[in-house]
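[1] Give me a 3D structure for the following:
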Amino acid sequence: DKPIPIVIPSKLFLNKIVIRVEPLVQMFIDKYWPGPLTLVLKARKELPFPLIKDGFVGVRIPGYSPALKILKKYNH
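    Reported below is the predicted structural model:
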(Lines give C-alpha, C1' and ligand atoms only; values in the text may rest on other atoms or scores of the structure.)
Protein backbone atom coordinates (compact mmCIF):
# COMPACT_ATOMS: atom_id res chain seq x y z
CA ASP A 1 0.00 0.00 0.00
CA LYS A 2 2.74 2.47 0.88
CA PRO A 3 4.95 3.97 -1.82
CA ILE A 4 8.71 3.65 -1.53
CA PRO A 5 10.29 6.85 -0.16
CA ILE A 6 13.18 8.33 -2.12
CA VAL A 7 16.46 9.21 -0.45
CA ILE A 8 18.54 11.87 -2.16
CA PRO A 9 22.11 13.12 -1.62
CA SER A 10 21.32 16.86 -1.69
CA LYS A 11 18.58 19.47 -2.05
CA LEU A 12 19.52 19.90 -5.71
CA PHE A 13 17.82 16.60 -6.54
CA LEU A 14 14.41 17.81 -5.39
CA ASN A 15 13.79 19.49 -8.76
CA LYS A 16 14.05 16.08 -10.44
CA ILE A 17 11.45 14.55 -8.12
CA VAL A 18 8.89 17.17 -7.08
CA ILE A 19 6.94 19.89 -8.88
CA ARG A 20 7.72 22.69 -6.43
CA VAL A 21 8.88 23.39 -2.89
CA GLU A 22 6.71 25.85 -1.00
CA PRO A 23 8.40 28.38 1.34
CA LEU A 24 7.10 26.64 4.48
CA VAL A 25 8.46 23.30 3.25
CA GLN A 26 11.79 24.98 2.47
CA MET A 27 12.00 26.10 6.10
CA PHE A 28 11.66 22.47 7.25
CA ILE A 29 14.26 21.35 4.71
CA ASP A 30 16.72 23.98 5.88
CA LYS A 31 16.19 23.07 9.52
CA TYR A 32 15.97 19.26 9.42
CA TRP A 33 17.91 18.02 6.38
CA PRO A 34 20.05 16.03 6.38
CA GLY A 35 18.21 14.12 9.04
CA PRO A 36 15.24 11.93 9.97
CA LEU A 37 12.51 14.03 8.30
CA THR A 38 10.67 12.55 5.31
CA LEU A 39 8.57 15.09 3.42
CA VAL A 40 5.58 14.18 1.27
CA LEU A 41 5.48 16.48 -1.74
CA LYS A 42 3.69 16.73 -5.09
CA ALA A 43 5.52 14.33 -7.44
CA ARG A 44 6.59 14.86 -11.01
CA LYS A 45 4.49 12.71 -13.32
CA GLU A 46 7.48 10.94 -14.85
CA LEU A 47 8.36 9.14 -11.61
CA PRO A 48 7.71 5.38 -11.59
CA PHE A 49 4.43 4.14 -10.10
CA PRO A 50 5.91 2.39 -7.01
CA LEU A 51 7.22 5.77 -5.80
CA ILE A 52 3.96 7.73 -6.08
CA LYS A 53 0.71 7.60 -4.11
CA ASP A 54 -2.15 9.92 -5.05
CA GLY A 55 0.29 12.18 -6.91
CA PHE A 56 2.70 12.54 -3.98
CA VAL A 57 6.13 11.18 -3.16
CA GLY A 58 8.07 10.82 0.09
CA VAL A 59 11.59 12.22 -0.04
CA ARG A 60 14.41 12.80 2.43
CA ILE A 61 18.13 13.37 2.82
CA PRO A 62 19.35 10.89 5.42
CA GLY A 63 21.44 12.08 8.34
CA TYR A 64 25.21 11.87 8.15
CA SER A 65 25.76 8.14 7.75
CA PRO A 66 27.18 5.52 5.42
CA ALA A 67 23.93 5.79 3.44
CA LEU A 68 24.49 9.49 2.77
CA LYS A 69 28.12 8.84 1.80
CA ILE A 70 26.98 6.24 -0.75
CA LEU A 71 24.31 8.57 -2.17
CA LYS A 72 26.83 11.38 -2.59
CA LYS A 73 29.31 9.05 -4.28
CA TYR A 74 26.79 7.71 -6.83
CA ASN A 75 24.60 10.79 -7.35
CA HIS A 76 23.98 10.46 -11.10
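
[2] For residue 62, which residues are in contact?
    By C-beta atoms under 8 Å, 6 or more residues apart in numbering, the contact list for residue 62 reads 7, 34, 35, 68, 71. From N, CA and C alone the C-beta is placed, and that goes for glycine too.

[3] what's the pLDDT at it?
    For residue 62, the pLDDT comes out at 92.

[4] In strands, which of the contacts of residue 62 appear?
    Using DSSP state E, residue 7 are the members of these that sit in strands.

[5] And the contacts of residue 62, which two are furthest apart?
    Across the contacts of residue 62, no pair lies farther apart than 35 and 71, at 13.9 Å, counting by C-beta to C-beta.

[6] Settle it for me: which of those two has more neighbours?
    More crowded of residue 35 and residue 71, by other C-beta atoms under 10 Å: residue 71, with 18 against 13.

[7] how near is the residue nearest to residue 39 when sequence neighbours are not counted to residue 5?
    Excluding its sequence neighbours, the residue lying closest to residue 39 (C-beta to C-beta, 6 or more residues apart in numbering) is residue 59, at 5.8 Å. Between residue 59 and residue 5 the distance is 7 Å, computed by C-beta to C-beta, to the nearest Å.

[8] how about the strands in the protein?
    With DSSP E as the criterion, the chain has strands spanning 6-7, 39-42, 56-60.

[9] which neighbours does the shortest one have in its sheet, and in what orientation?
    Yep, that's strand 6-7 we're talking about. Strand pairing for strand 6-7, determined by DSSP bridges: strand 56-60 (parallel).

[10] I would like the residues contacting the strand it pairs with, please.
    Residues outside strand 56-60 that contact it (C-beta under 8 Å, 6+ apart) are 3-8, 14, 17-18, 33, 35-43, 47, 51.
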